[in-house]
Every structure is written in C-alpha cells, then in structure tokens.
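Trainee: here is the input, now give the coordinates:
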Amino acid sequence: MGFVQVAITLVIIMLLVKPAGIYLCNVFSQEKTRLDRVFGPFERMLYRIMGVREGESMGWRAYLGAVLLSNFVMLILIYLVLRLQSFLPMNPDGIGNMPAGQAFNTAISFMTNTNWQSYSGENGLSYLSQLLAITFPMFTSAATGFAIAIAFIRGLIGRKDDLGNFYVDMTRSITRVFLPLSFIAAIFLVFQGIPQTLLGAVHASTLAGGEQTITRGLVASLESIKHLGTNGGGWFGTNAAHPFENPTPLTNLVHTVSMMLLPTALVYAFGLMIRNKKQGWALFAAMGFIFLVMLTTVFFSEYKGVAAIDAMGVHGNMEGKEVRLGVSESALFTAVTTAATTGSVNNMHESLTPMGGFTALAQMMLNNVFGGKGVGLLNGLLYLILSIFICGLMVGRTPEFLGKKIEGREVKLASIALLIHPFMILAPTAIAFLSPSAQSSIANPGMHGLTEVLYAFASGAANNGSAFGGLTANTDFYNIGIGVAMLFGRYISIIAMLAIAGSLAVKRVVPVTTGTLRTNTPLFTGILIMIILVIGALTFFPSLALGPIAEHLAMPR
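Mentor: Coordinates of the predicted model:
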C-alpha cells in the first residue's frame, strides 16, 4: 500500500506538469494573453505605486541591481520587525523581541527562500511577525527565484542584453502564480481542519486535570505558500509533523504535490520558452532519474529499518515518524522536500536510517534535482553548460547551446556558481569542529554528530532549510555561520547566473551543422546525469563517508 500511495502521488505530479508549465509560459511570455484581463488592472495599479514602467527592459547589470536592492530593503524591514515585535500590534500572546543573532539568521533565512528556523514559531513570533517577517518573504523570495530563472532563459534565446524587467517579473509571479494558487490551497487546508484565526492561544483543561495551552493562528495561509513557494518554514516548531499543520493524509498529499508542482512545471516551461520541447524533456529526465534513485533509496531503507529492531518483530523504521502518515509518506516527503529545496519536514530526519539521512543530504548537496523556485532549473542549466563544454573538448566539437557558443567566460562563471555551494558547506563544517563552543551544540558524538553539523550547513547553503535535528542551532556561532552560508549560497550564484545570461544574450546565433553537439538526445541526458553525479561525488563523498555512509556500514547486519 505504501508503494501504491507513492506511485499515485508521482502520477498526480506528472499529470500537472504540462498544464502548469503552459500556464507559466503564458505568464512570462511577452505576448498578450487572456490572463491580462483578469490580473492586468491590479498589476498596473501596483506599477504606478512602485513607479515602474511595465515596458521598460533591463540589461543584466540593471536586473541584478534591482534584485539586490529590493532584497536588501526587504531584509532590513524583516530584521526590524523581528527585533521590535514586542512593541508592535498583533501580539496577543505577549511574545518578546527576537535576539539580534537569531533575528539576523531568520531575516536572511526567509529572504533567501531558505526558511531555516532556530526558533519555534508558536513561542518565538507574534502574529505580525508571522505575517510580515515570514509569510510576506515567502512570496517575494519565491518570486525572486522565478524571475531570475525567467531572465536567464531570456538570455539564452535573446539577441541583445535584454533580460526583461525584474519588478514586472516578480509582480507577475506573485499576482498570477503564488497568490491564486496559495488562496485555493489555503481554503482546502482550512476545510481539512488547519487553523486560520487572529485569536490568541486557547487554554484548556486535560482529562488528567492539568492545564494545556493550545497555540493557533494564521496557519493555513502560511502552509499554502510555504509549500507552493518551496519555503518550508513552519508556524510550529515541529513543522509539517504538527497536527495543526498537517492533520490528515490528504493534507500531506496536497503538501507534497504543492512542493513539486512549480519546480517541475518550470522545467517544462523552459522547453516551451526556448521552442525546443525535447531540450526541456531531456533536462527533466536527468532531474527525474536522480530523484527516483534518491526516493528509492530512502523508501527501501526506511522499510528495511534497523536489524536489531527487526529481530524484535518490529518491521520498518517508525522512529521519529507520525503514525498517521507511516513510513511511505514520510520517505516520500523526505525525498521531495530535499529535492525541491523546500525544507518542510513531516518526520524527524535525525531518526532516519543512515542511508535515509544520506539521501536527504545528497539531494541538498547536488542542489539541482528540480530544486526550489528557479534554483533547480538554474543549477541544472549550469551543469548542462559544463557538460557541453566538457563534451565539446572531448570530441573536438565547438561547445554550443541553443546556437550560442559556450566560451571561457561562461564556463568560469558557471564554475564559480557551482564551487561556492560546496565551499559554504564544507568550510563552515570544518570550522565548527575546531570550535569547542560549536561542538557543545552537538547532541550525539561520532559519525551521527558529524552528520548533524554537515546537514545544518548543507541545508543553509542549498537554501533548503530542513533540519536534521539533534543540533542546538540557536547559538551565535550557528546563527551567524548558517546565516552567512545562506546569504552567499543564494546571491553569489544569482550574480554569476545573471552575468552568464547577459554574456549569452549578446552572442550571435550560430547555424546548426553536422559538427554541432546535440544536447536534447537520450545519450546527452545520460552524460549529463553522469557528470552531475561524478562532480557531486568528487566534491562531497569524503564528508559523506565520514558521516552517514560510515554509520550505515557500522550498523549490525
């Protein structure tokens, strides 16, 4: 039954890829569509308020400047809300201000679409903070990622340094994609019993005569954009394992589908926008193959469980999992949340089997298995550019993609974007083990403790946000260290990607000849998969060998 549940979920996701991809292509195309009648008046009003000219285009430098400026302003506003929440309205439970280091971490986390939490939302945030510092950037950070991906596609097919208008792209992402979808999802989640209220906590008496405080709030609206925007931050500290965030198997299905809906659809939309569906499907196949391998690994690992417990007659690893969801839905959620870089969790990742934890870590380290809003597509295209360059050198053909030559500038920028990711994982992890204060936060010694720290920085650098557990992350070292990893992991890649887009946009298109390397074939798809896995293994295998792999080999058989 568990296999059937997973299969049905994957079929639903695949059935939605094409219609959602066509919709995204319509939203971001330069042509007039019927959607303009519905959303156009509201968007034009927003442009007048912001002082934006809808038809004004930006080169890659102007586009990048708009991204950094808007994100910086929002970052400062989020930080101030968190630091001053006790003095602001909508605080019925009287929650105090967030400490400086934690506010620094949280502001960066939600501005970078990471949504790492070193706090418990029900105890650490007022309702206003949950709205302005958490839910609001869930929309804008996802829209920023979408906008950059669309700008990069325009650079691939463009004839001049014209990537569109960032403010228009971000506005259209919010008004035409995230707001309508999240509204529909939120209504359904309320129907399933998820709270949506401005009233404070409820105090109740238990059957044993004790007192209990039941926290509630605007949970359904946060949950909807949390998964549709691949954000991941929970209203409650236990995230999607909490019955108020994920009360039924049906809400779990909606959460899972929501996480994969837009990342998969964006890859299909990419094929439509470049007018080469085969290229889009080739990239989709590479990502899909890696995802299925990872899902299979965690699925069978969790069903096999632990030998010592299996000998007692308890089959499957149910430690850290919700009974209402079981092994199959927990394994699927683990694979999806780390593939789509969402970070939401419906089970304790620290309680996964070593190979289950390996799967979650590996997907964050690769960071291109569909990924978050725009991130997976961009990283997939980065590997595609490197694969074209390597193959071109090996077979003596000119490296070209969509008729444009891949030269030294693009390869150098792609290498920077790819190398910053492992650097922001491995370097801070090494520093953490050199710091006694950082080591004191580790709950478990040995191999499992190494995985706790490695997972934390991998989650931050990949802008994923899921927590392995066991690590006391609310310290100045981890708040600042993970905050820096999130910041660099997000924006250095953005700078490099927009620079590549600007470089490719001004190149003339070279006619296809017999010497052109075809990049939309099954053969090239296989080469792309191998290059992704080889680069990932060369970069991360030593650290994984010391953590989850060593722990797996040390388990009694």
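
Trainee: buried residues in the helix or strand containing V257?
Mentor: Per DSSP states H and E: V257 is located in helix 249-273. By neighbour count on 16 or more other Cβ atoms under 10 Å, the buried set for helix 249-273 is 251-273. To be clear about C-beta, it is placed using only N, CA and C from the backbone, and glycine gets the same treatment.

Trainee: so where do the strands sit in this protein?
Mentor: 202-205, 211-214, 400-401, 404-405 (DSSP state E).

Trainee: ranking these by burial, who's on top?
Mentor: With neighbours defined as mean count of other Cβ atoms under 10 Å, these peak in mean count at strand 400-401, which reaches a mean of 21.

Trainee: partners of it, with directions?
Mentor: Strand pairing for strand 400-401, using DSSP bridges, gives strand 404-405 (antiparallel).

Trainee: by contact count, what packs against the helix holding V257?
Mentor: helix 2-28, helix 136-157, helix 179-191, helix 219-228, helix 277-304, helix 326-339, helix 375-395 (3 or more Cβ pairs under 8 Å, 6 or more residues apart in numbering; DSSP states H and E).

Trainee: closest one to I480 among those helices?
Mentor: Closest to I480 of the helices and strands packed on helix 249-273 is helix 136-157 (Cβ to Cβ; 19.5 Å).

Trainee: okay, now T398: neighbour count?
Mentor: The local packing of T398 (other Cβ atoms under 10 Å) involves 14 other residues.

Trainee: same deal with L64?
Mentor: 23.

Trainee: look up the closest residue to it, ignoring the ones flanking it.
Mentor: L498 (4.7 Å; Cβ to Cβ, 6 or more residues apart in numbering).

Trainee: and the one you found, what does it touch?
Mentor: 60, 63-64, 67, 148, 151-152, 155, 163 (Cβ atoms under 8 Å, 6 or more residues apart in numbering).

Trainee: do the same with T230
Mentor: 113, 142, 259, 262-263, 340-343, 371-373.

Trainee: again, only this time at 7 Å
Mentor: 113, 142, 259, 263, 340-342, 372-373 (Cβ atoms under 7 Å, 6 or more residues apart in numbering).

Trainee: just send those back as JSON lines, with distance to L419 and pLDDT too.
Mentor: As requested, the contacts of T230 are exported to JSON lines (distance: Cβ to Cβ, whole Å; pLDDT from 0 to 100):
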{"residue": "N113", "distance to L419": "21", "pLDDT": "92"}
{"residue": "A142", "distance to L419": "25", "pLDDT": "94"}
{"residue": "M259", "distance to L419": "28", "pLDDT": "95"}
{"residue": "P263", "distance to L419": "23", "pLDDT": "94"}
{"residue": "A340", "distance to L419": "23", "pLDDT": "91"}
{"residue": "T341", "distance to L419": "19", "pLDDT": "88"}
{"residue": "T342", "distance to L419": "24", "pLDDT": "91"}
{"residue": "G372", "distance to L419": "20", "pLDDT": "76"}
{"residue": "K373", "distance to L419": "23", "pLDDT": "76"}
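
Trainee: quick check, nearest of those residues to L426?
Mentor: T341 (18.5 Å).

Trainee: tally of neighbours for the spatially closest residue to the closest one that is not a sequence neighbour?
Mentor: Distances taken as Cβ to Cβ, 6+ apart place G372 nearest to T341, at 3.9 Å, with adjacent residues excluded. Residues lying near G372 (other Cβ under 10 Å) number 34.

Trainee: and if you look at the one 4 residues further on?
Mentor: Here the neighbour count serves as a burial measure; for G376 (other Cβ under 10 Å) it reads 27.

Trainee: tell me the pLDDT of the residue lying closest to it once chain neighbours are set aside.
Mentor: Spatial nearest neighbour of G376, excluding adjacent residues (Cβ to Cβ, 6+ apart): F370 at 4.3 Å. Note on F370: pLDDT of 89.

Trainee: nearest to L504, of the helices and strands packed on helix 249-273?
Mentor: Across these, closest to L504 is helix 136-157 (Cβ to Cβ), at 5.0 Å.

Trainee: quick revisit: in CSV, list the helices and strands packed on helix 249-273 along with distance to A462.
Mentor: Below are the helices and strands packed on helix 249-273 laid out as CSV (distance: least, Cβ to Cβ, whole Å):
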stretch, distance to A462
helix 2-28, 21
helix 136-157, 13
helix 179-191, 23
helix 219-228, 17
helix 277-304, 14
helix 326-339, 8
helix 375-395, 8
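
Trainee: what residues are up against the most centrally placed residue in the chain?
Mentor: The residue lying closest to the centre of the chain (Cα atoms, centre = their mean) is T341, at 2.5 Å. Counting by Cβ under 7 Å, 6+ apart, T341 touches 230, 367, 371-372, 375, 462-464.

Trainee: and if you look at N91?
Mentor: 85, 126-128.

Trainee: go on, N71?
Mentor: 111, 144.

Trainee: next one: it from M111, what distance?
Mentor: As for N71, its distance to M111 is 6 Å (criterion: Cβ to Cβ, to the nearest Å).

Trainee: relative to R48, how far out is the closest residue to I492 other than its chain neighbours?
Mentor: Here the nearest residue to I492 in space, its sequence neighbours aside, is I420; by Cβ to Cβ, 6+ apart that works out to 4.6 Å. Plainly put, I420 is 38 Å away from R48 if you go by Cβ to Cβ.

Trainee: quick one: low-confidence ranges for this structure?
Mentor: 557 (pLDDT under 70).

Trainee: longest helix of it?
Mentor: helix 476-505 (DSSP state H).

Trainee: orientation of that one relative to helix 375-395 in degrees?
Mentor: 60 degrees (axes from the mean of the first three to the mean of the last three Cα atoms, to 10 degrees).

Trainee: buried set for helix 476-505?
Mentor: In helix 476-505, counting by 16+ other Cβ under 10 Å, buried: 477-505.

Trainee: again with stretch 237-247
Mentor: 238-242, 244-247.

Trainee: ok so, going back, of the contacts of N91, which pair is most distant in space?
Mentor: Q85 and Y127 (9.4 Å).

Trainee: higher neighbour count, the two?
Mentor: Q85 (25 against 21).

Trainee: now do the contacts for the more buried one.
Mentor: Shown in contact with Q85 (Cβ under 7 Å, 6+ apart): 91, 95, 97-98, 125-126, 128-129.

Trainee: for ChimeraX, what selects the buried ones among those?
Mentor: Those of those that count as buried under 16+ other Cβ under 10 Å are selected in ChimeraX with:
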select :91,95,98,125,126,129
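
Trainee: quick check: phi and psi at N474.
Mentor: Dihedral pair for N474: phi -80, psi 60, per degrees, to the nearest 10.

Trainee: now it: how far from G234?
Mentor: For N474, the distance to G234 - Cβ to Cβ - is 16 Å.

Trainee: between these two, which one's more packed in?
Mentor: Neighbours per residue, other Cβ under 10 Å: of N474 and G234, the larger number sits with G234, 28 against 17.

Trainee: can you give me the end-to-end distance of stretch 499-513?
Mentor: For stretch 499-513, the first-to-last residue distance is 28 Å (Cα to Cα, to the nearest Å).

Trainee: circling back to that earlier point, S118: which of the contacts of Q85 is nearest?
Mentor: M98 (9.9 Å).

Trainee: double-check the closest one against G124; I have them as touching.
Mentor: Yes. Assessed by Cβ atoms under 7 Å, M98 is found in contact with G124 at 6.5 Å.

Trainee: in this structure I531 contacts S387, no?
Mentor: Yes. The pair I531 / S387 is scored as a contact, 4.8 Å apart, by Cβ under 7 Å.
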